[in-house]
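Asker: I would like the atomic coordinates for the input below:
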Amino acid sequence: MTKTEDRYRMLLGASTALADQPTVKSVLQSLRGVLSSTSRLHGAELFVLSADGRSLVSFEFDRDPDAPAIKRGAKLLLTGGVAQVLDEQTPVFVPDLSLAMLEHPDMAPFAAEVAGRSTYLFPVSTAQKRYGILSTPKLQGQQFAPEDVEMLSALASHVAVALECALAKDLAERYQRELGSQRDRLRLVLEINNQVARLDIDDVLRSASASIRSYFACDSVTFWVLNEENGQLQKMLDDFPGGKGPMAGVACAELSAAELDFEKLRQRKAEIWSLENFDRLPAALREPLNAESIKSLAFACLATENRPLGVLSIASRKLTAFDQEDLDLLAEIGIQISLALDNALAYGRLHASATRLEEERLYLESEIETEYNFEDIVGKSAAIRKVLDQVAIVAPTSSTVLLHGETGTGKELVARAIHNLSPRRGRTFVRLNCAAIPSGLVESELFGHEKGAFTGALIQKRGRFELADHGSLFLDEIGDITMDLQPKLLRALQEQEFERLGSSRTIKVDVRLIAATHRDLKGMIRNNQFREDLFYRLRVFPIEIPPLRERREDIQLLVHFFVSRLSRRMQKRIRSVPRPAMEALVNADWPGNIRELENFIERCVILTPGDELNVPRAELNRSAGRTVIAAASTFEQAERQAILDALKGASGRIAGKGGAAERLGLKRTTLQNKMRRLSITRADYSA
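Answerer: Numbers count the residues shown, from 1 in each chain. Below you'll find the model as predicted:
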C-alpha cells in the first residue's frame, strides 16, 4: 500500500507539475523530471495527425543532445505500431526503434543513429478528439515497469489536454490576428472610401497615399495616369518620404503597346514584381528604382468598365514585402480610386471647358464692346476685288497670312473675312494689337502665365494662343514685337506648342495665324530689327491692302455707308450729299485712309442740322495743301523725306551749327538713330 500510495502521490504531483507548464514543449521537458526517480528517458516527441488525417507530423520534442536532428514537420506513416496505437488507443512497446524508423521515409535517414534503443508509443487523446501519439525512447530491451506505463499513459492524457489548450490558444491568437488584419483592412477601405468622395484629385491621391503607405508599411506610393494619345504613364503623385531623389526626376514612363497591356489595365489586374521582373520596365524608370534600392513592387491597375486610367504602384526596399492578401486589398483599393479618378478627371474636363467658355465669352463680350473700324468690306474697285479674290483663295486653308498695308486700310476686317470663310469659323477669332501693349507684357498676353510667375501675377492666365486653339489668331502690328520675343513666336508657329511664363509644361495648340503690319519688314531685316526666318514663316501668303487713294471709286460708296450708319446712331435723317462736297471727298488724299474718312464723316454728321450732309470743304483744302508730309503715303515715308530734305539743305552735315539735327530740332544721336532705322545712307542725300 505504501508503494501504491507513493505512485499515486507521484502521479498527483506530476499532474500538478504538468498543469503548471505554459507550453507543450515545457510539458514534454517536465516528463523527465517526473520519471527521474524510477526510469531514465532519452527524451519525448509528440506527433499530431495531419490536416488530411493520413499521416502524423512532428509537432514538438524534448531530445538528448546526441539525438537525431529530425526537424519539425517530419512525417510518420500510419503503419505498424503507429497505426495500432491510434486504432486501439493503448500503449505499444517498440523493441527496436531503428527498424521501426525504416518504415517511414522521413525517418529512415536517421535510423542508424538510434540503434540499440526502444520506445513506447502512447496515444494522445481527449474524450472529444484524437490528437496523435507520444514517443518516449529508452535503451534497447529496457521496458517501463507496468506502474510507469500506467503513469505515462495518464501523463499522455495531460499532454493531450496541454496540446488541446495550446492549439486552442494558437487558434484564438490566429483568429485575433485575422480579426485585427480584417479590422485594419476595413479601416483602410473606409478611409479610402471617405477620401474619394472629393472632386479635387490632388487631395484624394495625397490622402489615399498616406493611408496606403501606413497600412502596407511600404517606402513609396505612386499614382500614374495614362495619356492614351502618346502611350505614356504620367506621374500624378509620388509619395516617397525616404527617397534620395532619383525618382523625383521621373515625370512619365513611355511604354510600348506590349508593355502597357491595355487589356490588363481594363481588367484591373494586380501584380507583384521582384528584382528579376524589373527588366520589363523602361530604363528611365528602372534605373531610378535601382538607385533607390527598391527590391519589390506591387501594381494595381486603375480602370473603369470603358477605359484604362492608370496604375497605382507601391514599392519597398524589402525583398518580399508583399503577399497575395496585400495584392487582393490593393486591387480592391484600386477600384475605389479608379472611380474617384474617373470622376475627378471628368470634373476637370468640365471645369476646363467651362473656364474656356467663360474666357471666350468675356473675350467676345469685350470684342463686341469694341468699336470696329467698319462692319463690312465696302467697295467694287479692281484693287479691292483683287484683295477679296485672294481672301477667297486662302481662307479654306490653314496657311499663315501676312496682311500689309497703311494704317487705317482695314487689315483687321480682311483678317475677319479670312476667318469667317474658313473651316474654323465656328471657333474663336482672337486678336492682339502688339503695338498697343507694353513690350514686357506681350509674351504674357500671347502665351499666358502661371500664378506668381512675375510681380503682379496673382492668378493663372491663359494666353491668346490658348484662347485661339482650333480658331484663328490675328496679330496686328506684328512688326512691333521685340527681337527677344520673336524666336518664341517662331517656335509657337512652327511647332504649334509653347510654355506659359513660369511653367515648364508644354501646351500644344492648333492655331491659324493672320498677321498684319504697315511697316517695311524687309527694311527692318536689313537693320537687324526683325528676324528673317520669322518673316518668311509669316509671309506664306502675303496680301497687300491698297490705300484709299488707290481705290477712289470706292470713296463714294464708303461715304454713303458711313453717313447711313452714323445718322441712325445719332438719330438724324440725312438723305443726300451735295455733289461739290462728294467731289471734294473723292479727290482728297486721305493719308489716314478709311479710318480718317470715317472720322471725318462722323464730324460732318455731327455738324449737319438738316437732311443734307454738311461737309467742311475748307478742311479738305488745307489737307490737300500740305506738301511733303501730305504727299507721303506713310508716316515713315514722311519722316524719311523730312530728314533727307534737312540733310540736303545742310549740305550733308549732321551736327553743328546749321546742321540737319539743328534744322530738325533733334539731338545728333537721335537723328543718327532715326537715319539707321530708316536706312538713310550718304548716297541718299549727297547728290
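
Asker: tell me which element Ile555 falls in.
Answerer: In this structure, Ile555 is located in helix 555-569 according to DSSP states H and E.

Asker: Phe144 now?
Answerer: With DSSP H and E as the test, Phe144 turns up in no helix or strand.

Asker: the very next helix or strand once past the helix holding Ile555 to helix 555-569, inter-axis angle?
Answerer: Counting by DSSP H and E, the next helix or strand C-terminal to helix 555-569 is helix 579-587. Orientation check (axes from the mean of the first three to the mean of the last three Cα atoms, to 10 degrees): helix 579-587 against helix 555-569 gives 110 degrees.

Asker: what packs against helix 579-587?
Answerer: helix 555-569, helix 617-625 (3 or more Cβ pairs under 8 Å, 6 or more residues apart in numbering; DSSP states H and E). For the C-beta atoms, the positions are set from N, CA and C on the backbone; glycine is no exception.

Asker: so in this protein, where's the weakest helix or strand by average pLDDT?
Answerer: helix 628-631 (a mean of 41; mean pLDDT, DSSP states H and E).

Asker: now the element after that helix, going C-ward?
Answerer: Helix 628-631 is succeeded, C-terminally, by helix 635-649 (DSSP H and E).

Asker: got a list of contacts for the next helix or strand after that following helix?
Answerer: In the C-terminal direction, the helix or strand that comes right after helix 635-649 (DSSP H and E) is helix 660-664. For helix 660-664, contacts defined as Cβ atoms under 8 Å, 6 or more residues apart in numbering pick out 642-643, 646-647, 649-650, 653-656, 667-668, 670-671.

Asker: ok, stretch 558-569 next?
Answerer: Counting by Cβ under 8 Å, 6+ apart, 374-375, 378-379, 573-574, 577, 582, 585, 594, 597-598, 601-602, 604-605, 613 sit against stretch 558-569.

Asker: what's the mean pLDDT across it?
Answerer: Mean per-residue pLDDT for stretch 558-569: 89.

Asker: whichever helix or strand Lys235 is part of pairs with which strands, and in what direction?
Answerer: Using DSSP H and E, Lys235 maps to strand 232-239. The pairing partners recorded for strand 232-239 under DSSP bridges are strand 220-227 (antiparallel), strand 252-254 (antiparallel).

Asker: the ones you listed: lowest mean pLDDT?
Answerer: strand 252-254 - the lowest mean pLDDT of the strands paired with strand 232-239, at a mean of 55.

Asker: have a look at this structure and report its longest helix.
Answerer: Assignment by DSSP state H gives helix 146-195 as the longest helix of the chain.

Asker: and the helices in the stretch 201-350 of the chain, which stretches?
Answerer: 201-216, 257-260, 262-266, 283-291, 324-369 (DSSP state H, counting those that start in this stretch).

Asker: sorry, back to before: give the buried subset of the contacts of stretch 558-569 as a PyMOL selection command.
Answerer: This is how PyMOL selects the buried members of these, with burial counted by 16 or more other Cβ atoms under 10 Å:
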select buried, resi 374+378+379+574+577+582+585+594+597+598+601+602+604+605+613
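
Asker: now, which of the contacts of stretch 558-569 lie within strands?
Answerer: Of the contacts of stretch 558-569, none are assigned to strands by DSSP state E.

Asker: quick check: angle from the longest helix of the chain to helix 324-369?
Answerer: Using the same axes, to 10 degrees: helix 146-195 against helix 324-369 is 0 degrees.

Asker: what's the offset of helix 146-195 from the middle of its chain?
Answerer: 48 Å (Cα atoms, centre = their mean, to the nearest Å).

Asker: stretch 220-238 too?
Answerer: That offset, for stretch 220-238, works out to 6 Å (Cα atoms, centre = their mean).

Asker: same deal with stretch 289-297?
Answerer: Distance of stretch 289-297 from the chain centroid (Cα atoms, centre = their mean) equals 22 Å.

Asker: now that stretch: buried residues?
Answerer: Leu289, Glu292, Ile294, Lys295, Ser296, Leu297.

Asker: stretch 512-522 too?
Answerer: Here stretch 512-522 shows Arg512, Leu513, Ile514, Ala515, Ala516, Thr517, His518, Arg519, Asp520, Leu521 as buried, counting by 16+ other Cβ under 10 Å.

Asker: picking up where we left off before, reformat the strands paired with strand 232-239 as a markdown table; add mean neighbour count and distance to Leu678.
Answerer: Supplementary listing: the strands paired with strand 232-239 in a markdown table, determined by neighbours: other Cβ atoms under 10 Å; distance: least, Cβ to Cβ, whole Å:
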| stretch | mean neighbour count | distance to Leu678 |
| --- | --- | --- |
| strand 220-227 | 22 | 52 |
| strand 252-254 | 17 | 52 |
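
Asker: and those strands as a markdown table, adding distance to Gly53?
Answerer: Shown next, in a markdown table, are the strands paired with strand 232-239 (distance: least, Cβ to Cβ, whole Å):
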| stretch | distance to Gly53 |
| --- | --- |
| strand 220-227 | 45 |
| strand 252-254 | 52 |
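
Asker: so which of those comes closest to Thr407?
Answerer: Comparing the strands paired with strand 232-239 against Thr407 with Cβ to Cβ, the closest turns out to be strand 220-227 (46.5 Å).

Asker: next, the angle helix 201-216 makes with the closest one.
Answerer: 140 degrees.

Asker: what lies in contact with strand 220-227?
Answerer: In contact with strand 220-227 (Cβ under 8 Å, 6+ apart) are residues 205, 208-209, 212-213, 232-240, 242-243, 247, 252-253, 260, 265, 292, 294, 302, 308-315, 337, 341, 345.

Asker: of those, grab the buried ones for PyMOL.
Answerer: To isolate the buried ones among the contacts of strand 220-227 in PyMOL, judged by 16+ other Cβ under 10 Å, type:
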select buried, resi 205+208+209+212+213+232+233+235+237+238+239+240+243+247+252+253+260+265+292+294+302+308+309+310+311+312+313+314+315+337+341
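
Asker: so who does the spatially closest residue to Pro578 that is not a sequence neighbour touch?
Answerer: Sequence neighbours aside, Glu612 is the residue nearest to Pro578 in space, at 6.3 Å (criterion: Cβ to Cβ, 6 or more residues apart in numbering). Going by Cβ under 8 Å, 6+ apart, Glu612 touches Ile574, Arg575, Ser576, Val577, Pro578.

Asker: looking at those residues, which one is closest to Leu275?
Answerer: Distances from Leu275 to those, taken by Cβ to Cβ, are shortest for Ile574, at 90.1 Å.

Asker: am I right that the closest one is in contact with Leu607?
Answerer: No - with contact defined as Cβ atoms under 8 Å, Ile574 does not count as touching Leu607 (10.9 Å).

Asker: before we move on, back to that, chain center to the strand holding Lys235: distance?
Answerer: That offset, for strand 232-239, works out to 6 Å (Cα atoms, centre = their mean).

Asker: now swap in stretch 482-496 and tell me
Answerer: Offset of stretch 482-496 from its chain centre (Cα atoms, centre = their mean): 26 Å.

Asker: return it as CSV; C-alpha atoms alone will do.
Answerer: This file holds the C-alpha atoms of stretch 482-496, laid out as CSV (Å, rounded to 0.1, in the frame of the first residue of the first chain):
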residue,chain,number,x,y,z
THR,A,482,10.7,92.8,-79.8
MET,A,483,13.6,90.8,-81.1
ASP,A,484,13.8,88.7,-77.9
LEU,A,485,10.2,87.6,-78.3
GLN,A,486,10.4,86.8,-82.0
PRO,A,487,12.2,83.3,-81.5
LYS,A,488,9.4,82.2,-79.1
LEU,A,489,6.7,83.3,-81.6
LEU,A,490,8.6,81.5,-84.4
ARG,A,491,8.7,78.3,-82.3
ALA,A,492,5.0,78.6,-81.5
LEU,A,493,4.1,78.9,-85.2
GLN,A,494,6.3,76.1,-86.4
GLU,A,495,5.8,73.5,-83.6
GLN,A,496,2.3,74.7,-82.5
